[in-house]
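[1] dropping a prediction and its sequence here:
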Amino acid sequence: QKEVEQNSGPLSVPEGAIASLNCTYSDRGSQSFFWYRQYSGKSPELIMFIYSNGDKEDGRFTAQLNKASQYVSLLIRDSQPSDSATYLCAAANAGKSTFGDGTTLTVKP
Amino acid sequence: DAGVIQSPRHEVTEMGQEVTLRCKPISGHNSLFWYRQTMMRGLELLIYFNNNVPIDDSGMPEDRFSAKMPNASFSTLKIQPSEPRDSAVYFCASSKRTGLPAPGANVLTFGAGSRLTVL
């Protein structure tokens, strides 16, 4: 079992819909959690981080963390074609980040 | 800030040759990471340094791989001898590491990557 597991995908949603991405982690020592976006042929870039239980909103993005369930999610509201990318979930323990395999999202116009 | 700078961007070499990948982290970042990305295995952590000291090299696949960080602004990842299964994109990333979660802490900034093809 991988330390960080994500929906295998791919995930396809129509433009304007809500995209929901999920992630579970196994290391209970993980303190910080990150969502990175990676466009094809590019490097990962940070979308959001979260380290407290609950929700954190930033524009169209909402990250959710439930440490008891070891679960992290990312909601993308009003999805746009430009959101089409692979989304990587990462869990960090003592500064070391472990990544899931990513979920590929396609937003269809 | 120029971000994390990696070179070369592309490398094509023959099996058995030595490969050296280079990385310049963001000034002020105290942690540096080398990741490898393939379709089959995703993004794997190879090694990371904190304040130029290697902290965890458990992800280095074999003795053929070695990494150094002689100073705060430069790191290398060397593969000798290279094999076709080493073909991948190698990312360098840096961060400002703190012991406790805090806004912006431990956020990785990635370089553009070095795409290695071993024939």
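    Structure's in. What do you need? Quantities reported herein were computed from a predicted structural model and do not represent experimental measurements. Numbering: from 1, shown residues only, chains lettered A, B, ... in the order given.
[2] the chain: strands as residue ranges?
    In the absence of a named chain, this looks at chain A. A:4-6, A:11-14, A:19-25, A:32-38, A:45-50, A:54-58, A:61-66, A:71-76, A:85-93, A:96-99, A:103-108 (DSSP state E).
[3] chain B, not that one
    For chain B, applying DSSP E gives strands covering B:5-7, B:10-13, B:19-24, B:31-38, B:42-50, B:53-56, B:65-71, B:74-79, B:88-95, B:109-110, B:114-118.
[4] what's the offset of the shortest one from the middle of its chain?
    The chain centroid and the centroid of strand B:109-110 are separated by 11 Å, computed with CA atoms, centre = their mean, to the nearest Å.
[5] just the pLDDT for the residue nearest the centre of chain B.
    The centre of chain B sits closest to residue B:34, judged by CA atoms, centre = their mean, with a distance of 2.3 Å. Listed pLDDT for residue B:34 reads 98.
[6] columns distance to residue A:79 on top of the strands of chain B, output as a markdown table?
    C-beta here means a position set from N, CA and C on the backbone, and glycine is covered the same way. Below are the strands of chain B laid out as a markdown table (distance: least, CB to CB, whole Å):
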| stretch | distance to residue A:79 |
| --- | --- |
| strand B:5-7 | 31 |
| strand B:10-13 | 33 |
| strand B:19-24 | 34 |
| strand B:31-38 | 25 |
| strand B:42-50 | 24 |
| strand B:53-56 | 37 |
| strand B:65-71 | 39 |
| strand B:74-79 | 37 |
| strand B:88-95 | 27 |
| strand B:109-110 | 24 |
| strand B:114-118 | 30 |
